[in-house]
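Participant: Sequence plus predicted model, see below.
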Amino acid sequence: MERIDLDAADPGFAEALASQPGGERIAACFMCRTCVASCPISAVDRRFHPLRIIRLALYGLKQEVLASDFIWLCSSCYACQERCPQGVKISDFMTLLKNLAVKEGHVPRGIRAQLDLIREHGRIYPIDDFDNKKRNKAGLPSLPTSCDVVAKLA
């Protein structure tokens with residue numbers, strides 16, 4: 001079992017999380033492991049363990065949580081959140097952690113590439129004439145090939 005160094009803990013981290021949307025009920029977690037049993041990602045990648053992430057956050061291990069890549073494994077399927085007997089909004093909490101990680105500059109390379117694509121093109125997957133031909137053939141309407149409205153967001 002991995003040892004946790006509580007000397008690096010930020011005592012105000014859990015309180016700060018609890019004051020933000022998604023973190024309001026995080027202290028209500030009583031470690032029943034329903035989130036882990038419900039999580040399809042935990043079933044295929046043991047690094048993603050919602051309960052462990054919650055505990056690390058409650059212990060105040062801010063840097064360990066925000067700098068790690070395991071928070072990015074959450075697929076936001078809401079299975080854990082729907083089943084939590086304490087009403088902890090775990091999927092929303094993972095989104096909160098991801099947002100904080102981005103603010104602190106902890107973004108995995110793949111996520112950074114997706115952000116760059118969205119900033120540049122307005123979407124992750126660019127649509128071209130070939131895509132629209134396939135859509136039209138399937139009876140679907142064409143989509144715009146450029147997303148100029150994204151410039152307004154920047």
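Facilitator: Received it, and whenever you're ready, just let me know what you need. Numbers count the residues shown, from 1 in each chain.
Participant: host element of the residue nearest the centre of the chain?
Facilitator: Geometric centre of the chain, nearest residue: residue 95, 4.2 Å, by C-alpha atoms, centre = their mean. In this assignment (DSSP states H and E), residue 95 forms part of helix 90-103.
Participant: avg pLDDT for that helix?
Facilitator: For helix 90-103, mean pLDDT rounds to 95.
Participant: Can you name every helix or strand that that helix contacts?
Facilitator: Judged by 3 or more C-beta pairs under 8 Å, 6 or more residues apart in numbering; DSSP states H and E, the packing partners of helix 90-103 are helix 13-18, helix 50-58, helix 62-66, helix 79-83. Using the backbone N, CA and C atoms, a C-beta is placed for each residue, glycine as well.
Participant: Could you tell me how far it lies from the centre of the chain?
Facilitator: On the basis of C-alpha atoms, centre = their mean, to the nearest Å, helix 90-103 sits 5 Å off its chain's mean C-alpha point.
Participant: Residues touching it, excluding its own?
Facilitator: With contact meaning C-beta atoms under 8 Å, 6 or more residues apart in numbering, helix 90-103 is reached by 17, 20-23, 26, 35, 50, 53-54, 57, 65-67, 71-72, 74, 76-78, 80-81, 84, 107.
Participant: TSV please, covering the helices and strands packed on helix 90-103 and showing mean pLDDT, distance to residue 127 and mean neighbour count.
Facilitator: Shown next, in TSV, are the helices and strands packed on helix 90-103 (pLDDT from 0 to 100; distance: least, C-beta to C-beta, whole Å; neighbours: other C-beta atoms under 10 Å):
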stretch	mean pLDDT	distance to residue 127	mean neighbour count
helix 13-18	95	38	18
helix 50-58	93	35	21
helix 62-66	94	34	19
helix 79-83	95	31	18
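Participant: Those: which one's closest to residue 143?
Facilitator: Among those, the nearest to residue 143 by C-beta to C-beta is helix 79-83 (30.6 Å).
Participant: other SSEs contacting the closest one?
Facilitator: For helix 79-83, the elements it packs on are helix 34-38, helix 90-103, judged by 3+ C-beta pairs under 8 Å, 6+ apart.
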